[in-house]
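Chemist: when you get a sec, could you give me coordinates for this:
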Amino acid sequence: MRSFAASYATNPEESKGRLYPDSPDDMRSSFQRDRDRIIHCAAFRRLEYKTQVFVNHEGDHYRTRLTHSLEVAQLARSMSRYLGCNEDLAEALALAHDLGHTPFGHAGEDALQEVMQNFGGFDHNAQTIRILTKLEHRYAEFDGLNLTWETLEGIAKHNGPVNNPPRAMLEYLKLHDLEIDTYPSIEAQIASLADDIAYNNHDVDDGLRSGLFTIADICEVPLVGRMFAEVRAKYPLIDETRMIHEVIRRMITVMVYDVTHETKRRIAEENIETAMQVRHLGKPLVAFSDAMQQDIKQLKAFLMQRMYRHYRVNRMTSKARRIVKELFTFFLHEPECMPTEWQKLTKNVHETRKAEIVADFIAGMTDRFAINEYEKIFSVREKLI
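Modeler: Numbering: from 1, shown residues only. Predicted structure coming up:
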């Protein structure tokens, strides 16, 4: 059964294919195969111990990259179904979008970007492409997962055209032109907005759960305040925990309805009939309404000030940056201290290539693995192995 209905959806039967030709599968479409390969890869499993805001050991109930990716995939499928788009492609993109993230969330990425400045830089989106096309070693005939052009395109430019692709992405583009100067498919745009919806709402949930701010504080944000007022009016005796869950549920629903209805309006206004028109529209097709964009802007400003820059979070991110930087410097100068399979890659290569290998090693670490490595290497009281 087809997982899409609209003429502007991405049709797997019209796919531009894979870098390495693959035999057809009678049971699954090409995008279903992409999704399955992503779920079974090692980088996807590691997301369980990589964090969004809180370091992994801070608590069992905070979002990890894995739970976040699953939530994004659910939202992407729901929105794709409503808009008649290809659910399988949207799901594959949602599941893969965070594979390139370092340990410790954005703090880890910032630190790796800093130490890699003289070696071509570091970008988590480009790192995702490296993982999917080079670093995963699961198949006898090729490196990476050999995903379809459409899936790799959607990952490479899910935030829009890429004007200055990072070095890591350029390597693959020389082999497989992903046409990075255009907008991606409607499914990639849906997955990108699903990401925004998921992390905005779940950061509110995690912020309240952790005590970084209170309900009274977050009610200063107009959208959130309206939701709490609605829930209190309808359920005056509801306990706080249920009230928070009910508010988050309603905010997700409001945002999903807004983006799908605004997108349908744009589809009609622009007379979009083909997937090619989506890519060459010259602007995003999937978007929030102007009013919702303003609400989300205010929510993000609150979270930036009251959560992401909270002193407790600052302390965690400071430790995280130190761990990543010091591990990088140590392994760059003493690559013989990396595991044997990584040591071999650094033999007889120039300094930039060696730095890229060290960055690959560190970017693939989970929070707890990075902490354990740091303690083993820099603490004289720790065991040597």
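Chemist: can you list the weak-confidence ranges in this protein?
Modeler: Scanning the chain for pLDDT under 70 picks out the ranges 1-3, 52-62, 380-385.
Chemist: count of residues packed around the nearest residue to Ser30 once chain neighbours are set aside?
Modeler: Residue nearest to Ser30 in three dimensions, not counting chain neighbours: Pro12, with 4.6 Å by C-beta to C-beta, 6 or more residues apart in numbering. Just so you know, the C-beta spots here come from the backbone N, C-alpha and C atoms, and that holds for glycine as well. The burial metric for Pro12, expressed as a neighbour count using other C-beta atoms under 10 Å, is 21.
Chemist: list the contacts of Pro12.
Modeler: By C-beta atoms under 8 Å, 6 or more residues apart in numbering, the contact set of Pro12 is Ser29, Ser30, Phe31, Asn86, Asp88, Leu89, Thr148, Glu150.
Chemist: phi, psi of it?
Modeler: With angles defined as degrees, to the nearest 10, Pro12 sits at phi -60, psi -30.
Chemist: which parts of the stretch 1-150 of the chain are helices?
Modeler: 30-40, 42-46, 65-83, 87-96, 105-115, 124-130, 149-156 (DSSP state H, counting those that start in this stretch).
Chemist: just these: most buried one?
Modeler: Among those, ranked by average contacts under mean count of other C-beta atoms under 10 Å, first place goes to helix 87-96 (a mean of 30).
Chemist: and that helix, what does it pack onto?
Modeler: Under the contact definition 3 or more C-beta pairs under 8 Å, 6 or more residues apart in numbering; DSSP states H and E, helix 87-96 sits against helix 30-40, helix 65-83, helix 149-156, helix 186-210.
Chemist: which one of the contacts of Pro12 sits closest to Arg306?
Modeler: Arg306 lies nearest to Leu89 out of those, by C-beta to C-beta, at 36.3 Å.
Chemist: before we move on, back to that, which among the helices and strands packed on helix 87-96 is found nearest to Arg46?
Modeler: With C-beta to C-beta as the measure, helix 65-83 is the member of the helices and strands packed on helix 87-96 nearest Arg46 (8.3 Å).
Chemist: could you check the angle the closest one makes with helix 30-40?
Modeler: Taking axes from the mean of the first three to the mean of the last three C-alpha atoms, to 10 degrees, one finds helix 65-83 and helix 30-40 inclined to each other by 160 degrees.
Chemist: residues making contact with helix 65-83?
Modeler: 4, 6, 44, 47-48, 50-52, 63, 85-87, 89-91, 93-95, 97-98, 101, 186-187, 190-191, 193-195, 197-199, 202, 252, 256, 259-260, 263-264, 267.
Chemist: how about the closest residue to Glu220 other than its chain neighbours, what does it touch?
Modeler: Leaving aside its sequence neighbours, Glu220 sits nearest to Phe302 (C-beta to C-beta, 6+ apart; 6.8 Å). By C-beta under 8 Å, 6+ apart, the residues touching Phe302 are Ile218, Glu220, Val221.
Chemist: all set, thanks.
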